[in-house]
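Asks: Sequence first, then the predicted structure:
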Amino acid sequence: MITIIDYGMGNLRSVEKAMELYTDAVRISADPKSIESSSALVLPGDGAFGRAMENLARQGWIEPLMRFIEAGGVFMGICLGFQLLFSTSEEFGAHRGLDLIPGDVIRFRANGLKVPHMGWNRVALAGASKFLDGIAPESFFYFIHSYHPVTAAREWILGEAEYGVRFPCIVGRGNVIATQFHPEKSHRVGLKIVENFVRAAC
């Protein structure tokens, strides 16, 4: 069973619908105990970093989520769920993240470019992963975000994009994959990542 974590941040149904193209074994859950019966977890999200961490902590998700990942569970983070994997964020103040990946999430400082970064952007693949099988090296994906990570942990970076600055937009190791863009909104190429994830989970 693939569990999409409902912690009160964002439209989860679009992610569920994308997963349902490849499996019936997917659910949205607001109960951290559902991790115990999950073959894979998805952490999506839209909104503010600090509030997201508060919600995860208050609802009791953080400890079982991190145990699941550290035990080698199949995991996907999307958009805000991607950013939460890093150590800190400066969005509306200083906030601690899940600290799975060392690094800081900062606001775009691209002179003359609109923020948020919104629309289609090319992604240069920077590493190999089973979740990226069948993805061309310079594919386009759909982004909407105002903040991006800065990290020296190159071993985590699987893809990068440019918007005034070059930034990681796909990270992962082993059974972990996370994207700044929305694969569920990125047409055929994005759905290929979803399909690869479902195959790994099931």
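Replies: The structure has been received and is ready for your questions. Residues are numbered from 1 along each chain as shown.

Asks: quick one, what contacts the closest residue to residue 193 other than its chain neighbours?
Replies: Nearest-residue entry for residue 193: residue 183, 4.5 Å, with adjacent residues in sequence omitted and distances by Cβ to Cβ, 6 or more residues apart in numbering. From N, CA and C alone the C-beta is placed, and that goes for glycine too. Neighbour list for residue 183: 18, 78, 141, 190-191, 193-194 [criterion: Cβ atoms under 8 Å, 6 or more residues apart in numbering].

Asks: With residue 123 instead?
Replies: By Cβ under 8 Å, 6+ apart, the neighbours of residue 123 are 138-141, 159-161, 169-170, 181.

Asks: quick one on the thing from earlier: state the distance from the residue nearest to residue 193 to residue 93.
Replies: Using Cβ to Cβ, to the nearest Å, one obtains 29 Å as the distance from residue 183 to residue 93.

Asks: ok, now residue 57?
Replies: Counting by Cβ to Cβ - residue 57 and residue 93 are separated by 16 Å.

Asks: Give me the more crowded residue out of those two.
Replies: Set residue 57 next to residue 93 and count neighbours by other Cβ atoms under 10 Å: residue 57 wins out with 13 against 9.

Asks: Doesn't the more buried one belong to a strand?
Replies: No: according to DSSP: H, G, I helix; E, B strand; the rest coil, residue 57 belongs to no strand; its state is helix.

Asks: For the lengthiest helix in the chain, give the mean pLDDT please.
Replies: With secondary structure taken from DSSP state H, the chain has its longest helix at helix 187-201. Confidence over helix 187-201 (mean pLDDT, whole number) is 97.

Asks: Next one: residue 120 from residue 55, what distance?
Replies: Taken as Cβ to Cβ, the span from residue 120 to residue 55 is 30 Å.

Asks: Those two - which one has more neighbours?
Replies: residue 55 (16 against 11).

Asks: how about the strands in this protein?
Replies: Counting by DSSP state E, the chain has strands at residues 2-5, 26-29, 40-43, 74-78, 86-89, 95-96, 101-107, 117-122, 124-125, 140-145, 147-150, 157-162, 166-173, 176-179.

Asks: and of the ones you listed, who's closest to residue 64?
Replies: Closest approach to residue 64 among the strands of the chain (Cβ to Cβ): strand 40-43, 9.5 Å.

Asks: ok, back up a step: with mean pLDDT and distance to residue 134 added, can I get the strands of the chain in a markdown table?
Replies: A markdown table is the format used below for these (pLDDT from 0 to 100; distance: least, Cβ to Cβ, whole Å):
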| stretch | mean pLDDT | distance to residue 134 |
| --- | --- | --- |
| strand 2-5 | 98 | 20 |
| strand 26-29 | 98 | 21 |
| strand 40-43 | 98 | 19 |
| strand 74-78 | 98 | 16 |
| strand 86-89 | 98 | 27 |
| strand 95-96 | 98 | 36 |
| strand 101-107 | 98 | 25 |
| strand 117-122 | 97 | 17 |
| strand 124-125 | 98 | 12 |
| strand 140-145 | 98 | 14 |
| strand 147-150 | 98 | 25 |
| strand 157-162 | 98 | 14 |
| strand 166-173 | 98 | 14 |
| strand 176-179 | 98 | 14 |
